[in-house]
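1. no FASTA, just this:
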């Protein structure tokens, strides 16, 4: 097997699949001019200063110096071409036909509103950070008391809810309500303090419809012993939720969130295309795949725009992309303030390069809907969700939008887990071998020669098993967090 990969015949660079030594063959008549780390780029043809450099068949930036064949291409000689807002033309491509494996089913919890959960848990949410520790105390004791009767009792806490104004406060309120309505929650307790900006009454009024039998709420200031009151409320919820049973459900009932974090030079070659195959299988079967991290599609947004199912969806993509760019610019930040130090060390040079690899998680299907932060997905197919690239914020938003399983690709690794069961998919086998207690699936096998189709079959089996109740590594490790997007004024 070759030690380098040229992804597209139009590309000016190849990717080192293993460390290249100086003098090692790269292409016909081309040898590495210096040692090149695995995941990094090497020029396969002459590149003039100022020329657009192509990878994935698309520009990933401009050369800042003349680059000879065999030279390492990275931040010393390649820079982003992104600068600000752009204009876009509606030019839809012919949609690709998607297929899903026959009899692709999972055992889920069917809820009264028609949604299907992959877990039957009790979630304790708080209106304000002041009662976060109280929620955690209730959850810990309730999980001990009621173990085995439901899939677990968990506190999902955050530091906000007070001293917030306007849209920032509304977003916090919307997110808590959306999480309380999630199909993985067989019951939800919303715990307030009483004096916070995020008042319990308006939150419940604005929340999506929740079965009253599966919701409890009170403020700590209104009860003598808030922990005992919370335990009593959870016990009532457990009595309801423990009656639920898993039943066979078609893949059309599955909602997957797709996410990458700690990306490296292999992300766009192995794990992200592999997750794209799962997105195709789910969307092809009538289910939903949700893509987010809007700042990490800058430079690749036209690929998604060409897949917009309608002009309305196209306009939604344009708006969410330019709104996010305006958000950066209004704070005096460049739109290209990415990739991260870890991304760069792993071989990613520019945001365009990172984005072109990242959007592959959404597969090839039509983009059917664009939803804003805190909103829920309502369509099958690929849904684009407004949220930043931050792992915890975007994964929380994916959960609130309805994702019941999250597929999280990573080249650097992270232990972090989220409310929906989160499968960590390593882009390289080295990470999978070093961190088997973090990683659920090794996509590095693709770089070692296993076909994408074969690897995708294995990953789809794991996804369906997870949706049917098999625990993820993050769940085994007790990793479960939420984070809210703080954009506004703090009083």
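-> Structure received. For clarity, every value in this text was computed on a predicted model and none was experimentally measured.
2. gap between the two ends of stretch 344-352?
-> 13 Å (C-alpha to C-alpha, to the nearest Å).
3. Which secondary structure state is assigned to residue 436?
-> coil (DSSP: H, G, I helix; E, B strand; the rest coil).
4. same check, this time on residue 360
-> Applying three-state DSSP: residue 360 is helix.
5. which ones are touching it?
-> Residue 360 sits next to 268, 272-273, 275-276 when contact means C-beta atoms under 8 Å, 6 or more residues apart in numbering. Where you see a C-beta, it was placed from the backbone N, CA and C, and this is true even at glycine.
6. redo that, cut-off 7 Å
-> 268, 272-273, 276 (C-beta atoms under 7 Å, 6 or more residues apart in numbering).
7. Buried ones only from those residues, please, as a PyMOL command.
-> Buried residues within the contacts of residue 360, by 16 or more other C-beta atoms under 10 Å, are selected in PyMOL with:
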select buried, resi 268+272+273+276
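8. Look up how far residue 280 lies from residue 349.
-> Using C-beta to C-beta, to the nearest Å, one gets 28 Å for the distance from residue 349 to residue 280.
9. So between these two, which is more surrounded?
-> residue 349 (26 against 21; other C-beta atoms under 10 Å).
10. how much space between the more buried one and residue 223?
-> Residue 349 is 56 Å from residue 223, by C-beta to C-beta.
11. Same check on residue 155?
-> From residue 155 to residue 223 the distance is 17 Å (C-beta to C-beta).
12. what about those two, which has more around it?
-> Applying other C-beta under 10 Å to residue 155 and residue 223 shows that residue 155 carries more neighbours, namely 26 against 14.
13. Can you point out the helix or strand that includes the more buried one?
-> Counting by DSSP states H and E, the element that carries residue 155 is strand 153-156.
14. Could you list the domains of this structure?
-> 4-79, 121-241, 249-476 (automatic domain parsing).
15. and the first one, how far apart are its ends?
-> In other words, domain 4-79. 22 Å.
16. what do you get for stretch 116-134?
-> Using C-alpha to C-alpha, the end-to-end distance of stretch 116-134 comes out at 30 Å.
17. How about stretch 428-441?
-> 10 Å.
18. ditto for stretch 142-151
-> First-to-last residue span, stretch 142-151, C-alpha to C-alpha: 12 Å.
19. If we go by neighbour counts, what in it is buried?
-> So stretch 142-151, judged by 16+ other C-beta under 10 Å, has buried residues 142-143, 146, 150-151.
20. again, but for stretch 52-59
-> 53-56, 58-59.
21. ok, now stretch 376-389?
-> Those would be 376-377, 380-389, for stretch 376-389 by 16+ other C-beta under 10 Å.
22. Export the residues you listed as JSON lines, with columns for distance to residue 432 and secondary structure.
-> Listed next are these as JSON lines, based on distance: C-beta to C-beta, whole Å; DSSP: H, G, I helix; E, B strand; the rest coil:
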{"residue": "376", "distance to residue 432": "33", "secondary structure": "coil"}
{"residue": "377", "distance to residue 432": "30", "secondary structure": "coil"}
{"residue": "380", "distance to residue 432": "32", "secondary structure": "coil"}
{"residue": "381", "distance to residue 432": "31", "secondary structure": "strand"}
{"residue": "382", "distance to residue 432": "27", "secondary structure": "strand"}
{"residue": "383", "distance to residue 432": "29", "secondary structure": "strand"}
{"residue": "384", "distance to residue 432": "29", "secondary structure": "strand"}
{"residue": "385", "distance to residue 432": "28", "secondary structure": "strand"}
{"residue": "386", "distance to residue 432": "32", "secondary structure": "coil"}
{"residue": "387", "distance to residue 432": "27", "secondary structure": "coil"}
{"residue": "388", "distance to residue 432": "27", "secondary structure": "coil"}
{"residue": "389", "distance to residue 432": "23", "secondary structure": "coil"}
